[in-house]
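Novice: Attaching a predicted model along with its sequence, questions to come.
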Amino acid sequence: MLTLKQEKKRFREFLEALSDSYELIAPVKRELVKFDAIKNINDIHFEKNSYFPVKEFFFKKREVLFTFNGNRILEPKFENKERVFFGIRKCDLNAIKHQDIVFMQGANDPYYIAERERSFLLGYHCNEAPSEYCFCGSLELEDYFDMMFYDKGDHMLVEIGSEKGMALYKKFSGFFEKSTRLIAQHEKKIPGADRLKVKDIGPLYDNPDWKKGVDICLSCGACTALCPTCYCFDIHDEVKMSNPGSGERVREWSSCQLPEFSRVAGNHVFRNEREQRFKHRIYHQLDYFKEKYGIQMCVGCGRCIEGCPTRIDFVQIINEMKEGEKR
Amino acid sequence: MEKLLQVRNPDNKLKVGFYGITGCAGCLLSVIFNEDELLDLIKVVDLKAFPFVKEVNVDESFDYIFVEGLVADEDDLEVLQRLRKNSKFLVALGACSCTGCVPAYRQFTLKENYEHLLYRKREEIKDLQPTPVDDHVRADYYIPGCPPDKKEILNFLKGIAIGKEPKPYESPVCIECRKNGNQCLLDLGKPCLGPITAGGCNSVCINGGFECWGCRGPTKDMNLPLMIKMLRDRGFDDAFIEARMRTFVGLKMPIVEEFMKSKEAGGKLDTKFYGKKEYFE
Ligand code: SF4
Ligand code: SF4
Ligand code: SF4
Ligand code: SF4
Ligand code: SF4
């Protein structure tokens, strides 16, 4: 992998130059940290990972899939203006990878693909876990970025991870120096982020300890809305009053934590019990996705714990489970 | 398309009426706030009666009647019973109509405490204990909220106009709140009822910095004991919690009584209290 070096001053100038040529999107601190378009690079927040995931820029909270009038269908125009994301952490880069698997390789979703294709992903490596809830180190994460920035105090080491990243580097090569030093594997490990001790939760499905989480779950769906990998949605039509035969077909985020999510015709709800829903989320993250795509979906960002109104720490619950126990 | 257009055939249009009994007229205003699309409404439905906006109101045989407010005196009851008789479907519009809401507070106080506040002399008013509409007649649909979301009313109308069964919004306010990127007010120590309240309001209160008071009523599977525990953990005493719960879910849902019971049980909470069944069906 091509590795480069940047003094901090040059790094700042590089960001300035980026924001002159592109829409630059990076974490900013408002009430909470979230990704947003950057006007002044001094606004970029480096300390904590964003509270809200970056997924909303690719898999939108609400998206008009097409408008219709009778049998005529009008597809939306896709935006193709290039934009640059800076400051995505390793967990979230891998979350994008997992959503890419679902939306690009699996479903060939044109809406998602358009947003992904116009985006450069520039990562920012965590020298240490920025939150007590992080556990990315317990999961099999990979290098998945266009560029990755490793903060080494007075300078940055930069890895180029894709053709897109290479193209961007070539355009701005004046801001970089060649580095003689490569990033060692151990430098990619993040201290303090390997809390989850159980590799395979399959055998734990009937463990009585799930109740510890279920009892203090509100089924509020905050966890899935904040999760960078959760990709469930609902589709409905919004028709015009002047002509109910015309309107928009809309896709919106939904959540497996809601009873209505698994409601089918005849009013049957597949996961009516809170326990079923609670376990479904954890099992989809750590088990079912792996069965289907060969990799766990969860990337260990810890948002679903930090953002849960009752701070349900499923990692701790799983760690404390004794194998073989049944209800 | 052909089929949809048929709905708009003048002979086939649904006959619709909007009425208010004791309420603040806020729900009816929410209907009117759809001004951009309101004129289109009359192309799709036959607006037989809407005393708030129409001079001539035909009061007979409706397909859908929307009723704002609750029954607070004998006149209300008479109007309500007449409307029920004259319509195929009755829609309880707004929190008062659905649950009792603020006007139902009267049930929790003595007459001496409010008598002197009445507009007219009391003798002229044949007051009844304030009660939501389905204490008296069958309600087929409920559009909750104080006031209801104007878009929801419109969607309901669009739905019935094209023959679609109206679907209630069942998910908690929290999910909309999170989508809106708000900071959770519970984390700031505010007594937000979002986790147990059915959304559909686009978390409008929290977007503006105020906690949810639960005006849209509880979700079907609310975890009430946990909600109460969370409020207690944040330092709210039982009197406060009871008052908050009573504000909007008021008379309709037995959760207030259940809550009282749970106190008698030494603060131990039973997990089995859910809203009155009919309200949800
Ligand atoms: S989960 Fe890992 S990569 Fe993500 S913020 Fe925490 S330490 Fe960084
Ligand atoms: S955020 Fe917490 S309380 Fe809400 S649904 Fe998720 S696990 Fe349950
Ligand atoms: S399940 Fe939780 S820890 Fe895992 S990726 Fe989603 S939000 Fe992060
Ligand atoms: S502020 Fe209220 S509605 Fe929003 S997430 Fe927190 S509890 Fe839910
Ligand atoms: S946030 Fe709560 S109180 Fe406010 S409108 Fe919605 S349901 Fe009602």
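Specialist: Thanks, I have the structure now. Ligands and ions are numbered 1, 2, ... in the order given.
Novice: anything in the helix or strand harbouring residue A:93 near ligand 1?
Specialist: Using DSSP states H and E, residue A:93 sits in helix A:90-100. Yes - against ligand 1, helix A:90-100 shows contacts by Cβ under 6 Å from any ligand atom at A:90, A:91. C-beta coordinates here come from the backbone N, C-alpha and C atoms, glycine included.
Novice: Skipping adjacent residues, who's closest to residue B:52 in space?
Specialist: residue B:28 (4.8 Å; Cβ to Cβ, 6 or more residues apart in numbering or on different chains).
Novice: Mind pulling the model confidence for the one you found?
Specialist: pLDDT recorded at residue B:28 is 94.
Novice: Residue of the stretch 51-200 of chain B nearest ligand 3, please.
Specialist: residue B:178 (12.0 Å; Cβ to the nearest ligand atom).
Novice: and residue B:186, helix, strand or coil?
Specialist: helix (DSSP: H, G, I helix; E, B strand; the rest coil).
Novice: Quick one: residues contacting it.
Specialist: With contact set as Cβ atoms under 8 Å, 6 or more residues apart in numbering or on different chains, residue B:186 has these partners: A:309, B:192, B:194, B:195, B:230, B:234.
Novice: ok, now which ones touch the nearest residue to the fourth one once chain neighbours are set aside?
Specialist: When the adjacent residues along the chain are set aside, residue B:195 lies closest to residue A:218, with 4.1 Å between them (Cβ to Cβ, 6+ apart). The neighbourhood of residue A:218, defined by Cβ under 8 Å, 6+ apart, consists of A:309, A:310, B:172, B:174, B:195, B:196, B:222, B:223, B:226, B:227.
Novice: What about those residues, which are in helices?
Specialist: Residues of the contacts of residue A:218 located in helices (DSSP state H): B:174, B:226, B:227.
Novice: and of those residues, the nearest to residue B:43?
Specialist: The nearest member of the ones in helices among the contacts of residue A:218 to residue B:43, counting by Cβ to Cβ, is residue B:174 at 37.6 Å.
Novice: Return the distance of the closest one relative to ligand 4.
Specialist: 3 Å (Cβ to the nearest ligand atom, to the nearest Å).
Novice: Check the gap between that residue and residue B:195 for me.
Specialist: Residue B:174 is 5 Å from residue B:195, where distance means Cβ to Cβ, to the nearest Å.
Novice: Show the model's pLDDT score for the spatially closest residue to residue A:253 that is not a sequence neighbour.
Specialist: Distances taken as Cβ to Cβ, 6+ apart place residue A:61 nearest to residue A:253, at 5.3 Å, with adjacent residues excluded. Looking at residue A:61, its pLDDT is 96.
Novice: about what we covered before: can you confirm the residue of the stretch 51-200 of chain B closest to ligand 3 is in a helix?
Specialist: Yes - membership of residue B:178 in a helix is supported by three-state DSSP.
Novice: Contact partners for it?
Specialist: A:221, A:222, A:225, A:226, A:307.
Novice: Averaging pLDDT per element, find the lowest-scoring helix or strand in chain B.
Specialist: helix B:277-280 (a mean of 30; mean pLDDT, DSSP states H and E).
Novice: Does the residue in chain A sticking out farthest from the centre lie in a helix or a strand, and which?
Specialist: Within chain A, residue A:242 marks the point farthest from the mean C-alpha position, 39.6 Å out by Cα atoms, centre = their mean. Using DSSP H and E, residue A:242 sits within no helix or strand.
Novice: From the structure, what's the count of residues near the nearest residue to it once chain neighbours are set aside?
Specialist: Excluding the flanking residues, the one nearest residue A:242 by Cβ to Cβ, 6+ apart is residue B:40, at 3.9 Å. By other Cβ atoms under 10 Å in any protein chain shown, 16 other residues sit near residue B:40.
Novice: Can you spell out which helices and strands pack onto the host helix or strand of residue B:40?
Specialist: Residue B:40 is part of helix B:35-44 when elements are defined by DSSP H and E. Using 3 or more Cβ pairs under 8 Å, 6 or more residues apart in numbering or on different chains; DSSP states H and E, the elements in contact with helix B:35-44 are helix B:150-161.
Novice: in chain A, which spans are helices?
Specialist: A:8-21, A:90-100, A:110-117, A:163-171, A:185-188, A:210-214, A:222-226, A:274-283, A:289-293, A:303-306, A:314-320.
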